[in-house]
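Asks: Here you go, sequence then predicted model.
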Amino acid sequence: MSCDQDAETRHVLGCFRDRLKRLIQVEPLLDLLHFLEPDRKDRIKAKFREEGDINAAAFLIDEIIHSKNYARGWSRELIAALETVGCRHAAKYVLNSPPEPTEEAENDSCVRLIDLLQLTLVSMKTGDVCAHCRALGLLTLEDQENIMKLTENQGNIGGARLLLKRLVKNEAGWFSKFLQALEDTEHHDLVRELRGEPCNEDGEAVSVKTVEEGEQSCSETMPVLPPVLSANSSLLSEDLDSSVDSSGGLCTSADNEEVDMYKEGEEEDLTEDDDPSEESKRDIVLRDYQMEVARPALEEKNIIICLPTGSGKTRVAVYITKKHLERKKQMGQPGKVVVLVNKVPLVEQHYKAEFGRFLKHQYSVERVSGASQLKISFPQIIEQNDIIICTAQILENSLAKAKNGDEDGIKLSQFTLMVIDECHHTKKGGVYNHIMIRYLSQKHKNQLLKKQEKSPVPLPQILGLTASPGVGGAMNQQMAEEHILQICANLDAFTIKTTTFKEEEAKTPYKRIARAEERKEDPFGDVIKKIMDEIHTHADLKPLCDPGTQYYEQWVVQKEQNAAKEENQMVRVCAEHLRQYNEALHQSNTIRMSDAFRFLNKYHTEELKTKSSPDEEGTITITDTERFLFTLFKDNKAKLQELMGKPQYENNSLAQLKTNILKEFSTRERARGIIFTRTRLSAIALCQWIQENPKFDEVGVRASYLIGGGDQSVVKPMTAAEQKDVLNKFRDGQINLLIATTVAEEGLDIAECNFVIRYCLVTNEIAMIQARGRGRAEDSSYTLVAEAGSGVAERESVNEYREKMMSTAIVKVCKMNRADYEKKTREFQMQAIIEEKVKIKKKLLKGMMKEPPSKISLSCRQCSVFVCSGEDIEKIENMHHVNVTKQFSKLFTVRENASLQERLLDYETNGVIACKNCGQQWGSMMLYKSIECPCLHIKHFVVTYSSKKKTFSKWSELPIKFPAFDYTQHADLLVEDSEEEDLETD
């Protein structure tokens, strides 16, 4: 290079100094910069040791810019050195070839996201991710060695931090490769986090359960069922509780609040009395903006209406429904409308507040809920009514039946209009999307039929409603637009209609973040950590991260699973106890110490009960390790009780929450609000805390909680009747503060709610918009309470950024050229149809590859005693795995089922079955058509499969084909046994 080129490089270094100092790796670079004098290198190295890479890089750049004594060609040496140590991105800037502004902005967004989510990302398996990143060209060999050395010396988290620092110095395109590395190393939760898709936010159990534990038979991604069914019902597998989770798939966890909020309950007659004074209220008058967004639908086009919560989307849908049916009547054609919702209470809400209220005097409107499956089949309901409001899973189940040739099924062609509420859930894997795939497939077939001059199959008009379609984890504006187009394609929408509210902007809740200081002293937590350390020592366990964190939870769950497979009962039971202590630490950081203590005390009390044998059932073994664990808690119990009575040691988040609640109720004439929290246990505990504190009573707080209805071991679920009662009292004002899990984020229609608090809880941008939308009064506020350093506030800022991208993307999609829009949406639709066909073929192939039950055997997860062969297991209704052999009946005891609820259908659960040897729960006793059937929960066993020991969370993970339960055979045996007993008695 010439002197002029060296001078130009100095100028470029000055221009890009602020960016280059973040891209240069100083330490390896210095070894290759021979034009630098040794004393200058030493000064830069000292800067690196004292102040880190960025300040050292800035010092290096300044040295090069201001020194004029380097030999000619130094700039070429600098560029070559940068490329050699892997700083190719920096080298491009030095060459004055920076990326395009849009590419640079996208890369900056990726770097910012990594920085914001670092607290979550450091939970990665550093060694595995590092190796994959090296293979993908994101790291040099020296990078890999340094990262692994730091991991060895400082642990997994230290190595992960260095890996992330190194990654962001790569040139644009590194982010997608990093996601690939995470996918390849099975860090699916981290990938979803980076893409903006939520993980399980319930914070309770993360395992997926079967019907015996929550699994459905129709689909591996169907919602949780309690053990209730009607053998002849077309609604068999749905139980009126389908609910799409916020990631677009149908949740399968029994503990996920999106799925298990509403179970079957009593049917109430919520129809208003027919009153002449109500007649005038039945007239539907739309505002100008509502009429504007409705116009394409009134022209029989498929559309998505995207309006903020509280702006009357459902009212617009009622109006469109009314006009649709009127038009069909005038044309002498039949009209039939189905309104699909993703949660059971919305069935009642839409009926009572909207569709029933305005249309029942003119049309037959029916809602499908719990009691209806006992009176009439779903196809009959469809046939006899003009408007049907139901959960999406009910419709999907009936559509599936029709495809399989079942007379009890229905077809999409029976409807002329389909309204899809919360349509942003129409994404891959979700029940809405299953329905729309059927629609799109038929639409594609219709095009072929038209070419053959044959009559096409009629399809319903589609009307989607949403307040927040989200951006699907998009990192830039283009990706956000792609996401909106994907939703439009999935719903076959002609367009997406939205509007800007100038006059109503004041209704947007005022937002603030209330940061609580980090705890300075935590003697209660210290005692728990001391107990955990003693358990670590006893079981020779060496945790990779600090207790009280999600990373520790993941580590200890893995330890328990491995120990169960290895039949190492000491480590397995220690890991199970450590998991409870870790949960208690988490609780003490968000709710009261006394709540955390009660949680631990209840766990140990119930565990001790499992070790007590029922009369005449023999002796249950208590191992030395179990005795050690029980004694350890007993020895520390008094100290924990003493500390929980000292309020000065409570967490600061609780104090911050108290301040905000008192402020809302002291400054408002009629305060009414919702607090969203992560777990059921915290919702109940916060409610008790408020009810027991006289300060809240003084300002007029009347609190209650709202949690899910799915059965699980930690917290007793709410029944449907209890949930309805709480919601009604909240609407009526008898309750003015609701503490809820994420079940209440979507669908609650409470106009008077004037403040919303999210307590240490952040998910994605859709959930943020939905939660904020609960506050609909003029002076509403939205507050995020978060502990400093927890990462919650940072994740909220990511959601705000994504919300802005979403709004911009919707506007751009609306302005797209019609030909470009149709081409893009058609591509997405064809892709969806092909993917569905491939999925079906894979599923059929998987079914054909299933092996015989003799391939497996089950042993107790706790004591490793042999339980049964797979040949002893049969399936009831293609769901429940039972073992009715006499040999098996000698191995278990039956205990009372504390959560037993009355069942009116074909079977009921009478109790819990547990191992006679160790007391480990195995499942439940089910009464099926008068036959007692022990129903096995796979999670409680270790499965020996092809000579390898494995653990499973749901039966569908096993590639085994179990035979159907032979009722006649077992009934005959039962009768024979009974006759023999009668003869002996005679």
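Replies: Yep, it's here. Numbering: from 1, shown residues only.

Asks: Go ahead and measure how far the helix or strand residue 725 falls within is from the middle of the chain.
Replies: Residue 725 belongs to helix 720-732 when assigned by DSSP states H and E. Counting by Cα atoms, centre = their mean, to the nearest Å, helix 720-732 is centred 25 Å from the centre of its parent chain.

Asks: Next, the buried residues of that helix.
Replies: 720, 723-724, 726-727, 730-731 (16 or more other Cβ atoms under 10 Å). Heads up, the C-betas are built off the backbone N, CA and C, glycines and all.

Asks: By pLDDT, rank the residues you listed and give me the bottom one.
Replies: Note: of the buried residues of helix 720-732, the lowest pLDDT belongs to residue 720, at 69.

Asks: The helix holding residue 725 - contacts with which helices or strands?
Replies: helix 344-349, strand 703-706 (3 or more Cβ pairs under 8 Å, 6 or more residues apart in numbering; DSSP states H and E).

Asks: follow-up on the earlier one: out of the buried residues of helix 720-732, which comes closest to residue 890?
Replies: Among these, residue 720 lies closest to residue 890 (Cβ to Cβ), at 38.7 Å.

Asks: ranges for the strands of the stretch 451-600 of the chain?
Replies: 461-466, 495-497, 510-516 (DSSP state E, counting those that start in this stretch).

Asks: Please identify the deepest-packed of these.
Replies: strand 461-466 (a mean of 25; mean count of other Cβ atoms under 10 Å).

Asks: got the CA positions of it in PDB?
Replies: Taking Å, rounded to 0.1, in the frame of the first residue of the first chain, the C-alpha atoms of strand 461-466 are listed here in PDB:
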ATOM      1  CA  GLN A 461     -66.300 -16.700   4.400                       C
ATOM      2  CA  ILE A 462     -63.500 -16.100   6.900                       C
ATOM      3  CA  LEU A 463     -63.500 -13.300   9.500                       C
ATOM      4  CA  GLY A 464     -60.500 -13.100  11.800                       C
ATOM      5  CA  LEU A 465     -60.400 -10.900  14.900                       C
ATOM      6  CA  THR A 466     -57.200  -9.900  16.800                       C
END
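
Asks: ok, back up a step: beyond the helix holding residue 725, next helix or strand please.
Replies: Following helix 720-732 toward the C-terminus (DSSP H and E): strand 737-740.

Asks: residues in contact with that next one?
Replies: Contact partners of strand 737-740, identified using Cβ atoms under 8 Å, 6 or more residues apart in numbering, comprise 661, 671-677, 683, 686-687, 690, 701-707, 726, 730, 744.

Asks: mean pLDDT for the strands of the stretch 451-600 of the chain: which is lowest?
Replies: strand 510-516 (a mean of 70).

Asks: How far does that strand sit from its chain's centre?
Replies: Using Cα atoms, centre = their mean, the offset of strand 510-516 from its chain centre is 24 Å.

Asks: which neighbours does that strand have in its sheet, and in what orientation?
Replies: Here strand 510-516 is paired, per DSSP bridges, with strand 781-787 (parallel).

Asks: Put the alpha carbons of the partner strand into PDB.
Replies: The C-alpha coordinates for strand 781-787 follow below in PDB (Å, rounded to 0.1, in the frame of the first residue of the first chain):
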ATOM      1  CA  SER A 781     -52.300   2.500  34.100                       C
ATOM      2  CA  TYR A 782     -50.000  -0.400  33.300                       C
ATOM      3  CA  THR A 783     -47.200  -1.200  35.700                       C
ATOM      4  CA  LEU A 784     -44.400  -3.700  35.500                       C
ATOM      5  CA  VAL A 785     -43.000  -4.600  38.900                       C
ATOM      6  CA  ALA A 786     -39.500  -6.100  38.500                       C
ATOM      7  CA  GLU A 787     -36.400  -6.700  40.700                       C
END
